[in-house]
Every structure is written in structure tokens, then in C-alpha cells.
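Chemist: Okay, structure incoming, though there's no sequence with it:
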Ligand SMILES: [Zn+2]
């Protein structure tokens with residue numbers, strides 16, 4: 001008999017992604033300025049969500065939503081080696097993701113999803129529901145939605161819809177500040193409308209603006225920064241978090257009593273002190289040789305400059321360091337014997353251990369081998385992944401600095417690097433104990449979503465559900 005039986009509402013999951021959001025800012029420094037996030041913290045469990053290695057936007061969000069590590073995915077950064085020759089690195093877009101993301105699994109189970117602005121979703125793939133692609137989308141001239149007609153709808157409401165600020169490594173801070181609000185306002189409005197329109201089970205949005213505001217304004221915020229300046233931009237990051245918190249309040253209006261809420265970041269943020277010029281260090285220490293003397297000034301690294309028959313190692317720049325050996329039988333003109341790879345890497349790491357800044361202060365290096373940190377190693381992985389100075393130092397790939405470190409960034413002003421600690425706030429629909437909880441990791445997110453939607457667990461997932469949080 002149906003009379004008297006309460007209809008059980010269908011479970012839903014709302015994922016609010018905040019790229020680069022820092023646990024210490026949300027949980028401590030800005031807590032009193034963020035009423036909606038604070039309320040979620042009072043209702044649920046929260047703590048550090050450890051990023052992957054490398055703690056870089058791509059592959060971090062994909063690691064989160066596939067529950068696979070970057071080695072299994074074969075994605076080691078925005079750009080990757082496509083093979084073992086010396087050709088330039090290629091960008092890892094959605095076509096590089098060979099594993100289902102959690103919304104693919106939810107779609108296949110005939111439940112509706114709404115996905116917007118999640119990194120590495122361009123070119124778009126079909127879902128049951130709606131998808132708007134991410135900051136890597138070239139422009140709104142391209143097909144950036146599924147289904148295709150949604151593009152027209154988005155552009156009708158937002159003729160100036162953008163995927164990212166045009167340049168966050170800029171000295172024009174006032175323009176950057178204004179642009180950060182404009183871009184994200186459109187993105188949030190479009191996502192808000194999708195939440196209204198679709199009868200969704202899973203909804204995911206990622207805000208890239210927090211990452212940009214921190215890279216652009218960190219030195220005004222952080223009194224420990226060597227270029228710290230107190231001025232009107234010193235409140236920019238705090239104000240931006242407050243504005244995002246207001247939007248979170250609006251999005252939460254779509255959550256009913258059967259909605260599980262998850263706030264997550266892919267990594268955190270920390271002060272950047274400078275850059276290790278890794279190819280220059282390799283050149284100055286005899287690991288990398290050039291065909292001809294360099295012209296005056298800094299030269300962009302290009303494989304065509306390298307005398308490969310004398311070169312044992314080279315690298316790329318970025319928020320972390322990657323070193324590739326020139327291995328005989330693997331690279332076209334390799335000279336390092338395959339049997340000597342281990343001892344060569346050991347020697348390289350030992351020598352890197354002597355690295356100091358211009359005042360003679362050591363810059364410690366954390367060196368990781370892919371086979372030691374990943375479940376499997378696919379694609380063309382770096383031979384070494386390097387974190388310098390606890391990630392207070394990034395790397396640059398250029399040549400001609402004349403010394404192994406630089407205080408300038410080769411791609412424009414940038415005040416912050418990524419930290420390994422991201423954050424989670426987990427508020428299951430049926431409630432849980434509230435308060436600070438144990439550290440978890442990115443790959444725990446997808447299993448949590450499947451369990452919340454009462455879908456079968458995927459035995460190939462590398463993470464474990466947050467439902468068993470301590
Ligand atoms: Zn990120």
C-alpha cells in the first residue's frame with residue numbers, strides 16, 4: 001500500500017570547485033568574511049585535500065574526477081612530451097584523458113549531470129545533461145558546450161562570455177582585478193541557470209578566478225613576500241574570496257535536503273621566492289651542451305639549439321621542475337646508457353643538492369621518480385619530477401641567465417606558486433559530525449560522488465570515499 005509511505009527524494013551532489021583555494025585562508029584567515037563557507041564548515045567535515053604530484057591544475061582536476069594518479073593518466077602537466085623524440089611539448093586537452101570522469105559514469109547510469117568550467121573538458125564530450133568547457137577553450141567561436149545549441153543560449157545571455165582572464169601575469173593590476181569579476185560573474189550566472197533548468201543528479205563547477213587573483217596579487221597580500229607592498233591591492237584577494245562566497249550562497253539555494261555538498265580545491269597557494277633556471281643550471285654544470293654560443297640576454301629553450309650528441313639531460317620550466325635524460329635507444333641521439341639511468345639520476349640529484357640562492361642560502365630539492373610515486377607510468381613521463389625550496393621556487397626553461405637562479409619570471413609577473421595542500425568541505429545530505437577532519441586526497445572525490453548517488457563503486461578507482469571520514 002502506497003498511502004502513508006513517504007516518497008524518498010533522489011540523492012544529488014553539488015560540487016563547488018575553487019581552483020587554488022587555500023585551506024589556511026578559508027579555514028582561518030578569511031573565515032569570518034565567508035559566511036556561507038563557514039556555515040558549511042559548521043554543518044560538515046573539512047580538512048586538507050592533498051593534491052597530486054605535480055600539484056598543477058592540469059592534471060589535478062582530472063586526477064580528482066577520474067580517481068587516477070597522473071602516471072596512470074599519462075598527464076604530467078599542461079604540456080607533455082608526445083613521444084621520445086626532441087619535438088616540442090604538446091598541450092594535454094580533454095582528448096588526452098583516456099579514463100571516464102565521474103560525470104561519464106553518472107551519465108551512463110542514466111542520471112543527469114551539469115558540468116561547467118572544469119579544467120581539461122575542451123574539446124567537449126557528450127554527457128547526459130549539459131557541459132560548458134574550461135579555460136583552455138580557444139574562444140567562444142569554438143564549440144564549447146554539449147549539447148551544441150546550449151552555446152547559442154549562453155552567448156545570448158552573455159555576449160562577452162569568457163573562459164579566463166586574458167592575461168593574469170600582468171602589471172596592469174586594476175584591469176586584472178576588474179576582469180576577474182566580469183569573467184566569473186558570467187560563468188556563475190550560466191552555471192546557475194543550468195542548475196535551474198536541468199533536473200540534475202550531479203552538478204560540478206570550477207572557479208578559476210581564485211587561482212588567477214592569487215598569482216596576480218599575492219605579494220600585496222603576503223607580508224612575507226620579498227616584494228611585499230601595502231596598497232589598495234592588499235585587500236584584493238580577501239575581497240575576491242568574499243565575492244565568491246556570496247556566489248556560493250546563491251548556488252546553495254539549489255540544494256535541497258537530499259543534496260550532498262562538496263567544496264574542493266585542486267591545490268593551494270604559497271609565496272613564490274624566485275625561479276631555478278633549470279636548463280641553465282644543466283648547461284653550467286655540463287649536463288646540457290649547445291651547438292653554438294648563445295646571443296646576449298635570455299634565450300628561450302628550443303631543442304634545435306641543443307648538441308644532443310653531448311647532452312645527458314634537459315628540462316622544461318613551470319611551477320615544478322621536470323628533467324628528461326637523453327637515453328641511448330630511447331631518444332634519437334641518446335647518449336646515457338639504459339643501464340646507467342639510475343646512477344645518472346642519483347648523480348644529478350646529488351649535484352642539485354648544492355643549489356643556493358644569490359646569498360648562499362641552500363634551495364632544497366625534493367626529487368621524485370615516476371615509478372616511485374605512481375601506480376603505473378603511462379605516456380612519456382619525465383625521468384625526474386622536482387620541487388625546489390618546498391615549492392617556493394618555480395623553474396624556468398630559458399637559457400643565458402649566466403647563473404642557476406633568477407628572480408624574474410620568463411612569462412610575466414607572478415607572485416605565487418602552488419602548494420600541495422588543497423581543501424575539502426564535505427556536507428553529506430543526511431548529516432555527519434562537524435569539525436576539522438583527517439587529511440584526504442584528490443582521488444577520494446570521485447568515489448564519494450558515486451557512493452552519494454548510490455552507484456556501484458569502481459574497483460579501479462585509486463581513492464576511497466569520504467563517507468568513511470574519521
Ligand atoms: Zn589549479
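Modeler: Thanks, I have it. Since we're looking at a predicted model, the values are computed, not measured.
Chemist: List the contacts of the nearest residue to residue 381 once chain neighbours are set aside.
Modeler: Closest residue to residue 381 in three dimensions, ignoring its sequence neighbours and counting by CB to CB, 6 or more residues apart in numbering: residue 370, at 4.3 Å. (Glycine included, C-beta is placed from N, CA and C.) Contact partners of residue 370, counting by CB atoms under 8 Å, 6 or more residues apart in numbering, are 71, 377, 381, 382, 383, 385.
Chemist: I'd guess the last one is in a strand, am I close?
Modeler: By that I understand residue 385. Yes. Assessed with DSSP: H, G, I helix; E, B strand; the rest coil, residue 385 lies in a strand.
Chemist: what residues does the protein put near the ion?
Modeler: Listed as neighbours of the ion in the chain under the rule CB under 5 Å from the ion: 19, 20, 57, 266.
Chemist: Could you check which residue of the protein lies nearest the ion?
Modeler: Of the residues in the chain, the one nearest the ion is residue 57, at a distance of 3.1 Å by CB to the ion.
Chemist: With residue 464 as the reference, measure out to the nearest residue to that residue once chain neighbours are set aside.
Modeler: Nearest in space to residue 57, with sequence neighbours left out and distances taken as CB to CB, 6+ apart, is residue 119 at 5.2 Å. Using CB to CB, to the nearest Å, one obtains 23 Å as the distance from residue 119 to residue 464.
Chemist: in terms of contact, does the residue nearest to residue 57 touch residue 65 like I think?
Modeler: No. If you go by CB atoms under 8 Å, residue 119 and residue 65 don't touch, sitting 9.7 Å apart.
Chemist: quick one: which of the two has more around it?
Modeler: residue 65 (30 against 27; other CB atoms under 10 Å).
Chemist: My read is that residue 344 contacts residue 335, right?
Modeler: No. If you go by CB under 8 Å, residue 344 and residue 335 don't touch, sitting 10.3 Å apart.
Chemist: can you list residues touching both of those two?
Modeler: Common neighbours of residue 344 and residue 335, using CB under 8 Å, 6+ apart, are residue 312.
Chemist: hang on, the earlier thing: which pLDDT value belongs to the residue nearest to residue 57?
Modeler: Residue 119 carries a pLDDT score of 98 in this model.
Chemist: element containing it, please.
Modeler: Counting by DSSP states H and E, no helix or strand carries residue 119.
Chemist: quick one: contacts for it?
Modeler: Residues in contact with residue 119, defined by CB under 8 Å, 6+ apart, are 19, 57, 58, 60, 61, 62, 134, 135, 136, 206, 208, 266.
Chemist: hmm, 6 Å instead?
Modeler: 57, 58, 61, 134 (CB atoms under 6 Å, 6 or more residues apart in numbering).
Chemist: What helices and strands are in contact with whichever strand or helix holds the second one?
Modeler: Translated: residue 58. Using DSSP H and E, residue 58 sits in helix 57-66. Here helix 57-66 touches helix 70-73, going by 3 or more CB pairs under 6 Å, 6 or more residues apart in numbering; DSSP states H and E.
Chemist: and the helix it packs on, what's its mean pLDDT?
Modeler: When pLDDT is averaged over helix 70-73, the result is 98.
Chemist: ok, residues contacting it?
Modeler: So helix 70-73 is contacted by 52, 59, 63, 76, 370, 374, 375, 376, 377 (CB under 6 Å, 6+ apart).
Chemist: Distance from that helix to the middle of the chain?
Modeler: In terms of CA atoms, centre = their mean, to the nearest Å, the centre of helix 70-73 is set 14 Å apart from its chain centre.
Chemist: ditto for stretch 259-275
Modeler: Centroid separation for stretch 259-275 versus its chain: 8 Å, with CA atoms, centre = their mean.
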